[in-house]
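Visitor: following is a predicted model, sequence given first.
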Amino acid sequence: RFTGRVRAEATASAPALARGCRLAFSPGARTVWLRNSTGQTLVVTAGEGLHQRWGRLPERIRSGDVLWIPAGEKHWYGATTGTLSTLALLRAPDTETEWLEDVGDGHYRRCLNLMST
């Protein structure tokens with residue numbers, strides 16, 4: 001589900017309207033490509049990272065950013081050269097996360113290079 005070191009901690013228990021997970025990414029760590037059945041709200045709580053939706057250019061994400069990723073949209077996110085902390089919120093109880101292919105090192109480096117220009 002991840003490349004690199006990521007610490008995950010669940011934040012809600014059933015029966016809740018939403019469930020969440022705090023994620024702490026070490027430098028260069030990232031998710032695989034994924035999609036959520038009911039969409040995802042991603043809150044960046046500290047640091048800086050990258051987020052990319054399938055077929056789009058990557059975007060830089062920073063502390064305080066809140067992203068909405070619609071249901072079924074393929075995406076990935078992770079840290080840049082520093083650390084990144086996020087809160088990923090999903091509607092409960094029907095949410096399923098589909099974990100897809102890795103974000104390869106070459107693709108990740110190209111995304112970092114795009115952000116540095």
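Guide: It's in.

Visitor: centroid residue for the protein?
Guide: residue 77 (3.6 Å; Cα atoms, centre = their mean).

Visitor: now do it, the pLDDT please.
Guide: In the prediction, the pLDDT value recorded for residue 77 is 98.

Visitor: now do the helices in this structure.
Guide: 105-116 (DSSP state H).

Visitor: where does pLDDT dip in it?
Guide: 12-16, 93-94, 117 (pLDDT under 70).

Visitor: please name the bridge partners of the residue nearest to the centre of the chain.
Guide: residue 51 (DSSP bridges).

Visitor: residue 47 is in contact with that one, correct?
Guide: No: the criterion here is Cβ atoms under 8 Å, and residue 77 misses it with residue 47 at 11.5 Å. Placement of C-beta: from N, CA and C, glycine included.

Visitor: shared neighbours, the two?
Guide: residue 84 (Cβ atoms under 8 Å, 6 or more residues apart in numbering).

Visitor: so what touches stretch 11-30?
Guide: By Cβ under 8 Å, 6+ apart, stretch 11-30 touches 2-10, 45, 47, 49-50, 76-93, 95, 103, 108.

Visitor: send me it as PDB with only the CA atoms.
Guide: Output in PDB follows, covering the C-alpha atoms of stretch 11-30 (Å, rounded to 0.1, in the frame of the first residue of the first chain):
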ATOM      1  CA  THR A  11      -9.000   7.800  14.000                       C
ATOM      2  CA  ALA A  12     -12.600   6.600  14.200                       C
ATOM      3  CA  SER A  13     -14.400   3.500  15.300                       C
ATOM      4  CA  ALA A  14     -17.700   2.000  14.200                       C
ATOM      5  CA  PRO A  15     -20.500   3.000  14.200                       C
ATOM      6  CA  ALA A  16     -19.300   6.400  12.800                       C
ATOM      7  CA  LEU A  17     -20.400   8.500   9.900                       C
ATOM      8  CA  ALA A  18     -16.800   8.800   8.800                       C
ATOM      9  CA  ARG A  19     -13.700   6.900   9.300                       C
ATOM     10  CA  GLY A  20     -10.200   8.400   9.100                       C
ATOM     11  CA  CYS A  21      -6.600   7.600   9.200                       C
ATOM     12  CA  ARG A  22      -3.700   9.700  10.200                       C
ATOM     13  CA  LEU A  23      -0.700   9.100   8.000                       C
ATOM     14  CA  ALA A  24       2.900  10.200   8.600                       C
ATOM     15  CA  PHE A  25       5.200   9.900   5.600                       C
ATOM     16  CA  SER A  26       8.900   9.900   5.800                       C
ATOM     17  CA  PRO A  27      10.800  11.800   3.000                       C
ATOM     18  CA  GLY A  28      10.100  10.200  -0.300                       C
ATOM     19  CA  ALA A  29       7.300   7.900   1.100                       C
ATOM     20  CA  ARG A  30       4.100   7.600  -0.800                       C
END
